[in-house]
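> one predicted model, sequence on top.
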Amino acid sequence: KNQVEQSPQSLIILEGKNCTLQCNYTVSPFSNLRWYKQDTGRGPVSLTIMTFSENTKSNGRYTATLDADTKQSSLHITASQLSDSASYICVVSEGDKLIFGTGTRLQVFP
Amino acid sequence: GAVVSQHPSRVICKSGTSVKIECRSLDFQATTMFWYRQFPKQSLMLMATSNEGSKATYEQGVEKDKFLINHASLTLSTLTVTSAHPEDSSFYICSASELGKARVTDTQYFGPGTRLTVL
């Protein structure tokens, strides 16, 4: 069983709409949780990094939240753009290793 | 910002040949570099961790004699897929951790990936 589960697997929204992606993890203890954006055929690009003591972190239109008690995180995208179409990966660090979620594939249509 | 490059970005080779992929940290020194493999619609899977000047540490199930890793300098690591077969076709991504950071996972910058297709 994957230690980092993401939902939904895929999501289609219209341009300008908001959306929220979910991440549940069982990794414990962990040092930080991060969200990455991965365009097709490209490497992941970091969006946010949060330590276990942080509840929220924003990066432009991206806002990540973390509830360390329930081991849940979310990534909220505001006013989506066509360029937001990508896979979004939740990654939890366990010691010196990164544990990757399976990702959410987001498609934004005009 | 920290930039990691990979070369080549795409390679097609015949079965049985060897392929070398380079990973470079362009504007920082990296004591640790990681190699990942990603199959279509799947998550990144760590293959090995390489530290400059020492042998790489391979994850369970990854053949060290098939995936040769060399981390000869603080800015360059190479992955050589030896005697490649069609099942080795995948997207290979490297990442690098910046020298001097407290924990290697605190800063990990990913390369753009290399698409390997073995015919």
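Received it, and whenever you're ready, just let me know what you need. Since we're looking at a predicted model, the values are computed, not measured. Numbers count the residues shown, from 1 in each chain, chains lettered A, B, ... in the order given.
> who does the worst-scoring helix or strand of chain B on mean pLDDT pair up with?
Ranking every helix and strand in chain B by mean pLDDT, DSSP states H and E puts strand B:108-110 at the bottom, with a mean of 87. Using DSSP bridges, the strands paired with strand B:108-110 in its sheet are strand B:90-98 (antiparallel).
> can you map out the strands along chain A?
With DSSP state E, the ranges of strands along chain A come out as A:4-7, A:10-14, A:19-25, A:32-38, A:45-51, A:56-59, A:62-67, A:72-77, A:86-94, A:97-100, A:104-109.
> next structured bit after the least confident helix or strand of chain B?
As assigned by DSSP states H and E, the chain's next helix or strand after strand B:108-110 is strand B:114-118.
> go through the lowest-mean-pLDDT helix or strand in chain A and flag the buried ones.
In chain A, the helix or strand scored least confidently by mean pLDDT, DSSP H and E is strand A:97-100, which has a mean of 85. Within strand A:97-100, the residues that count as buried by 16 or more other CB atoms under 10 Å in any protein chain shown are A:98-100. (C-beta placed from N, C-alpha, C; glycine too.)
> partner strands of that strand, with direction?
strand A:86-94 (antiparallel).
> can you give me the buried ones in the partner strand?
A:86-94.
> mean confidence for it?
Average pLDDT, strand A:86-94: 92.
> can I get it in CSV? Just the C-alpha atoms.
Taking Å, rounded to 0.1, in the frame of the first residue of the first chain, the C-alpha atoms of strand A:86-94 are listed here in CSV:
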residue,chain,number,x,y,z
ALA,A,86,-0.2,18.9,-15.5
SER,A,87,0.3,16.2,-12.9
TYR,A,88,0.4,17.4,-9.3
ILE,A,89,2.5,15.2,-7.0
CYS,A,90,2.4,15.1,-3.2
VAL,A,91,5.8,14.1,-1.7
VAL,A,92,6.5,13.3,1.9
SER,A,93,10.1,13.1,3.2
GLU,A,94,11.0,10.2,5.4
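> list of residues touching that strand?
Strand A:86-94 has contacts (CB atoms under 8 Å, 6 or more residues apart in numbering or on different chains) with A:3-4, A:6, A:21, A:23, A:25, A:27, A:29-40, A:44, A:47, A:73, A:75, A:98-101, A:103-106, B:43-44, B:103, B:105.
> give me the nearest residue to residue B:26, chain neighbours excluded.
Nearest non-adjacent residue to residue B:26, counting by CB to CB, 6 or more residues apart in numbering or on different chains: residue B:3, 4.3 Å away.
> wait, that neighbour sits on residue B:109?
Yes - with contact defined as CB atoms under 8 Å, residue B:3 reaches residue B:109; the gap is 7.2 Å.
> with adjacent residues omitted, what lies nearest to residue B:51?
With sequence-adjacent residues excluded and distances taken as CB to CB, 6+ apart, residue B:51 is closest to residue B:32, at 5.4 Å.
> so what pLDDT did the one you found get?
For residue B:32, pLDDT reads 86.
> contact partners of whichever strand or helix holds it?
Counting by DSSP H and E, the element that carries residue B:32 is strand B:30-38. If you take CB under 8 Å, 6+ apart as the criterion, strand B:30-38 is touched by A:98, B:23, B:25, B:44-52, B:67, B:69, B:71, B:74-75, B:77, B:79, B:90-99, B:104, B:108, B:113.
> rerun at 7 Å
For strand B:30-38, the external contacting residues (CB atoms under 7 Å, 6 or more residues apart in numbering or on different chains) are B:23, B:44-52, B:69, B:71, B:74-75, B:77, B:79, B:90-99, B:104.
> returning to what we had before: out of the strands of chain A, which gets the lowest mean score?
Among the strands of chain A, strand A:97-100 scores lowest, with a mean of 85.
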